[in-house]
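In: Any chance you could fold what I've pasted below:
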Amino acid sequence: MPLPRPPPAGGFSFTWQASVNGLHITEKDFLSTRPLIAAAATGALVFSKASGEDRALIIQRAAHDSMPLLWETPGGACDLEDETILHGVARELWEETGLRMKSVTRQVGGGYTFITRSGLAVTKLTFEAEVETPVSAQGEQLFPKVTLDPNEHVRFLWATEEECRQGRVAALDSNGEPEVVNVEFTTEAQKRIILYGFKLRREAAEGACEQAQPQP
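Out: Next up, the predicted model:
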């Protein structure tokens, strides 16, 4: 099996909001209070407004992998070498997409547990992650540069909330021609988490607007 992308120079450095302090712990500590759970996994929800509206990064699993050609967010199992669960988020995001996590905004949902093919219970925790974002010479925000590991994923898309809900994403094919990609997620839970992430961002933006309104 090919080796994963080596960590970036200097390792992983990021900030996080106080709301996720309780998960800035090792996988071992997380599992110590959950005796029926064998392992922890993470997912990273990355958003961009480079097109003017919120879009989430989704990636398509390789044809030779389990759940072939289905779609998901970047993520995977925590490693023993991960300093904390949040470091596991940063590592998986980097290995699968080449994106460097700058900060963890929030946890998305309370996590959900699934059973692997070998019968082990795994709890998956998903976080909204901010990444390094390029800016054009005119100062306009650009989509983050995604570099997939072809052994794990074969395509990526930036999808709107409605596109994720409908499972149909407007994109460009390899020749630059418009197409509509039919998206089937790995699980219904994965789809729900993505849509919930959009909802949380919308609520946070509305709350910020209300706070910015002048008081009578």
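In: Could I get the buried residue list for the longest strand seen in the chain?
Out: In the chain, assigned by DSSP state E, the strand with the most residues is strand 121-131. Buried residues in strand 121-131, defined by neighbour count with 16 or more other C-beta atoms under 10 Å: 122-131. C-beta here means a position set from N, CA and C on the backbone, and glycine is covered the same way.
In: Reformat the residues you listed as CSV; add distance to Gly111.
Out: CSV is the format used below for the buried residues of strand 121-131 (distance: C-beta to C-beta, whole Å):
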residue, distance to Gly111
Val122, 10
Thr123, 5
Lys124, 6
Leu125, 4
Thr126, 7
Phe127, 10
Glu128, 14
Ala129, 16
Glu130, 20
Val131, 22
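In: picking up where we left off before, return the list of helices and strands in contact with the next helix or strand after the longest strand of the chain.
Out: Counting by DSSP states H and E, the next helix or strand C-terminal to strand 121-131 is strand 153-159. Applying 3 or more C-beta pairs under 8 Å, 6 or more residues apart in numbering; DSSP states H and E, one finds that strand 153-159 contacts strand 55-61, strand 168-172.
In: go again using 10 Å as the cut-off
Out: Strand 153-159 sits against strand 55-61, strand 71-72, helix 85-97, helix 161-166, strand 168-172, strand 178-182, with contacts defined as 3 or more C-beta pairs under 10 Å, 6 or more residues apart in numbering; DSSP states H and E.
In: Is it possible to get CSV of those that adds mean neighbour count?
Out: Below are the helices and strands packed on strand 153-159 laid out as CSV (neighbours: other C-beta atoms under 10 Å):
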stretch, mean neighbour count
strand 55-61, 22
strand 71-72, 24
helix 85-97, 24
helix 161-166, 16
strand 168-172, 14
strand 178-182, 11
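In: mind checking which of these is nearest Leu142?
Out: Closest approach to Leu142 among those (C-beta to C-beta): strand 55-61, 12.4 Å.
In: Which secondary structure element is home to the most centrally placed residue in the chain?
Out: Nearest residue to the geometric centre of the chain (C-alpha atoms, centre = their mean): Ala44, 2.2 Å. Of the helices and strands defined by DSSP H and E, Ala44 is found in strand 39-45.
In: swap in Ile194?
Out: With DSSP H and E as the criterion, Ile194 is inside helix 188-212.
In: Quick check: mean pLDDT of that helix?
Out: Helix 188-212 shows a mean pLDDT of 88.
In: How about stretch 86-101?
Out: On average, stretch 86-101 scores 98.
In: From the chain's centroid, how far away is the worst-scoring helix or strand of the chain on mean pLDDT?
Out: Scoring the helices and strands of the chain by mean pLDDT, DSSP states H and E places helix 188-212 at the bottom, with a mean of 88. Averaging C-alpha positions (C-alpha atoms, centre = their mean, to the nearest Å) puts helix 188-212 14 Å from its chain's average.
In: Mind giving me the packing neighbours of it?
Out: Against helix 188-212 (3+ C-beta pairs under 10 Å, 6+ apart) you get strand 39-45, strand 47-48, strand 55-61, strand 71-72, strand 101-107, strand 112-115, strand 121-131, helix 161-166.
In: can you tell me which of these comes nearest to Val154?
Out: strand 55-61 (5.4 Å).
In: Give the other helices and strands that the closest one contacts.
Out: strand 39-45, strand 47-48, strand 71-72, helix 85-97, strand 121-131, strand 153-159, helix 161-166, helix 188-212.
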